[in-house]
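Undergrad: let me see the structure of the following:
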Amino acid sequence: MVDEGLAQKLATLRPATNDRFIAGLQVYVVGGAVRDALLNLPAGDKDWVVVGTTPEAMQARGFIPVGGDFPVFLHPRSKEEYALARTERKSGRGYQGFTFYTGTEVTLEDDLRRRDLTINAMALGATGSIIDPLNGLQDLQAKLLRHVGDAFVEDPVRLLRLARFAARFSSFSIAAETEQLAQQLVADGEVDALVPERIWQELRKALNTQAPWRFIQVLESVHATQRVLPGLRYDTRVEQALHQAIEHDLDSVQRYAVLCGASDNALALATSIRASAECRDLSQLVSVSLSHAALDAGASAETQLQWLEQLDALRRPERFKQLVGALRCYRPVDESLWLLRLEAVLQVDAASIARQYAGQGAQIRATVQAARVVVLSSLMAN
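TA: Sure thing, here's the model as predicted:
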């Protein structure tokens with residue numbers, strides 16, 4: 001039973017009755033938009049499914065074909081994506097190893113049965129009624145992540161999505177039988193067919209949730225961590241640091257650096273999953289800085305300056321600020337003091353010194369260094 005307020009919210013998702021481009025078509029909004037409306041969460045992009053028609057008929061209505069493996073079309077006016085209802089059959093390794101079928105006899109229920117989790121397998125039609133053949137609403141109310149069918153083991157991306165939804169909906173548990181299928185997926189080697197770009201895409205989304213550690217916990221529970229994120233060090237210290245990153249409301253780049261910066265080879269890890277350049281660089285800086293003497297109590301001005309220069313902080317102060325924020329998740333770091341130190345060093349007039357000792361490169365460098373040490377020493381004395 002859907003209450004009146006929720007019914008009104010669901011009504012905003014329904015296909016428009018005055019849209020001439022879809023008039024006469026069986027059109028449904030499916031998946032995440034329906035799920036999030038039922039959870040009273042902000043609506044994201046709508047996924048539209050069209051039942052009982054052909055690619056030729058869609059193009060005759062003005063829809064623009066954009067699909068590769070299966071027919072997907074852009075609405076002539078809104079540019080939203082409309083996919084024909086389809087079934088899929090396993091034909092090879094990995095998430096690309098599927099053959100799709102989109103005949104006019106494919107029903108909405110057929111399309112919903114190929115989805116990953118029951119909470120993502122609900123639809124809403126023009127009448128406003130929820131089509132829920134797999135009891136997704138029941139699992140949503142029970143806060144349970146449950147697979148749709150045994151085909152879950154055929155697509156390794158479903159493991160990543162399960163982990164990501166566990167991070168997004170942190171109060172939800174995973175059905176025991178779903179975890180068993182995830183373990184089977186790993187044991188069968190399907191997980192090894194994951195492409196780096198998809199791993200990075202799902203990890204990035206998980207890092208933007210309020211419980212990103214659950215993404216790793218799911219991988220750990222099915223023994224997939226090293227096959228998905230090779231070289232990641234994940235222990236109590238890292239998990240606690242990740243909790244700190246959320247508490248301090250760090251951005252996603254910093255969260256990645258906190259997660260991966262304690263690994264033995266952060267650069268290799270970032271390269272293996274095609275992480276963004278920002279994430280790769282910051283995680284590597286965390287890695288080289290975690291045990292740096294400059295962060296020790298009583299570190300000399302010379303050591304502090306060495307660290308600032310090693311990090312290229314004088315030319316990239318914003319990145320340095322990101323780094324300090326990430327490091328304080330692991331060890332006591334006075335963020336405001338370090339930013340004050342950087343500002344003091346930046347105030348040294350290197351251009352004036354260069355004019356004073358024009359043509360004397362070694363003297364310029366030595367004088368600038370000495371001036372910077374003086375200002376840092378002055379801060380320490382005060």
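
Undergrad: can you report how many residues neighbour residue 89?
TA: 12 (other CB atoms under 10 Å). C-beta here means a position set from N, CA and C on the backbone, and glycine is covered the same way.

Undergrad: kindly apply the preceding question to residue 171 instead.
TA: Neighbour count for residue 171, taken as other CB under 10 Å: 6.

Undergrad: please name the nearest non-neighbouring residue to it.
TA: What sits nearest to residue 171 in space, not counting adjacent residues and going by CB to CB, 6 or more residues apart in numbering, is residue 143, at 5.6 Å.

Undergrad: contacts for stretch 295-307?
TA: 289, 292-294, 327, 331, 333, 341, 345, 369, 372-374, 376-377, 380 (CB atoms under 8 Å, 6 or more residues apart in numbering).

Undergrad: got the CA positions of it in PDB?
TA: Output of stretch 295-307 as PDB, limited to C-alpha atoms (Å, rounded to 0.1, in the frame of the first residue of the first chain):
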ATOM      1  CA  LEU A 295      55.200  15.400  10.500                       C
ATOM      2  CA  ASP A 296      56.900  14.400  13.700                       C
ATOM      3  CA  ALA A 297      56.700  16.700  16.700                       C
ATOM      4  CA  GLY A 298      59.700  18.900  16.900                       C
ATOM      5  CA  ALA A 299      60.700  18.500  13.200                       C
ATOM      6  CA  SER A 300      63.300  21.100  12.200                       C
ATOM      7  CA  ALA A 301      62.500  24.000   9.900                       C
ATOM      8  CA  GLU A 302      64.900  22.500   7.400                       C
ATOM      9  CA  THR A 303      62.900  19.200   7.400                       C
ATOM     10  CA  GLN A 304      59.600  21.000   7.100                       C
ATOM     11  CA  LEU A 305      60.900  23.000   4.100                       C
ATOM     12  CA  GLN A 306      62.300  19.800   2.500                       C
ATOM     13  CA  TRP A 307      58.800  18.200   2.700                       C
END
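
Undergrad: just to revisit the earlier point, okay, who's weakest in the contacts of stretch 295-307 by pLDDT?
TA: Among the contacts of stretch 295-307, residue 380 carries the lowest pLDDT, at 85.

Undergrad: packing partners of the helix or strand hosting that one?
TA: Using DSSP states H and E, residue 380 falls within helix 361-381. For helix 361-381, the elements it packs on are helix 301-310, helix 335-346, helix 350-356, judged by 3 or more CB pairs under 8 Å, 6 or more residues apart in numbering; DSSP states H and E.

Undergrad: what is the nearest of the contacts of stretch 295-307 to residue 70?
TA: Residue 70 has its nearest neighbour among those in residue 327, at 46.4 Å by CB to CB.

Undergrad: and the pLDDT at the residue nearest to residue 171?
TA: You'll see residue 143 listed with a pLDDT of 98.

Undergrad: for it, the count of nearby residues, please.
TA: The number of residues near residue 143, taken as other CB under 10 Å, comes to 13.

Undergrad: picking up where we left off before, only the buried residues of the helix holding residue 380, if you could.
TA: Applying a neighbour-count criterion of 16 or more other CB atoms under 10 Å, one finds 364, 367, 368, 371, 372, 373, 375, 376, 379 buried in helix 361-381.

Undergrad: again, but for stretch 219-238
TA: For stretch 219-238, by 16+ other CB under 10 Å, it's 219, 222, 224, 225, 228, 229, 231, 232, 233, 234, 238.

Undergrad: mind giving me the packing neighbours of the host helix or strand of residue 186?
TA: For residue 186, the element it lies in under DSSP H and E is helix 176-187. When contacts are defined as 3+ CB pairs under 8 Å, 6+ apart, helix 176-187 sits against helix 157-168, helix 213-221.

Undergrad: just the C-alpha atoms of that helix, please, in PDB.
TA: The C-alpha trace of helix 176-187 is given here as PDB (Å, rounded to 0.1, in the frame of the first residue of the first chain):
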ATOM      1  CA  ALA A 176      22.900 -15.000   2.500                       C
ATOM      2  CA  GLU A 177      22.200 -16.700  -0.800                       C
ATOM      3  CA  THR A 178      23.300 -13.600  -2.700                       C
ATOM      4  CA  GLU A 179      26.600 -13.600  -0.900                       C
ATOM      5  CA  GLN A 180      27.000 -17.300  -1.800                       C
ATOM      6  CA  LEU A 181      26.500 -16.500  -5.500                       C
ATOM      7  CA  ALA A 182      29.000 -13.700  -5.300                       C
ATOM      8  CA  GLN A 183      31.500 -16.100  -3.800                       C
ATOM      9  CA  GLN A 184      30.800 -18.500  -6.700                       C
ATOM     10  CA  LEU A 185      31.300 -15.700  -9.200                       C
ATOM     11  CA  VAL A 186      34.700 -15.200  -7.800                       C
ATOM     12  CA  ALA A 187      35.600 -18.900  -7.500                       C
END
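
Undergrad: can you give the distance of that helix from its chain's centre?
TA: 22 Å (CA atoms, centre = their mean, to the nearest Å).

Undergrad: can you list contacts of it?
TA: Contact with helix 176-187 is made by 145-147, 150, 152-154, 156, 158-159, 162, 191, 218, 221-224, 227, as judged by CB under 8 Å, 6+ apart.

Undergrad: among those residues, name the buried ones.
TA: Neighbour counting with 16+ other CB under 10 Å marks 145-147, 152-154, 156, 158-159, 162, 191, 218, 222, 224 as buried within these.

Undergrad: strands of the stretch 151-300 of the chain, residue ranges please.
TA: With strands called from DSSP state E, counting those that start in this stretch, the stretch 151-300 of the chain shows them at 173-174.

Undergrad: what about the helices in it?
TA: 157-168, 176-187, 196-207, 213-221, 225-228, 236-247, 252-260, 266-272, 277-289 (DSSP state H, counting those that start in this stretch).

Undergrad: grab the nearest non-local neighbour of residue 271.
TA: residue 280 (7.1 Å).
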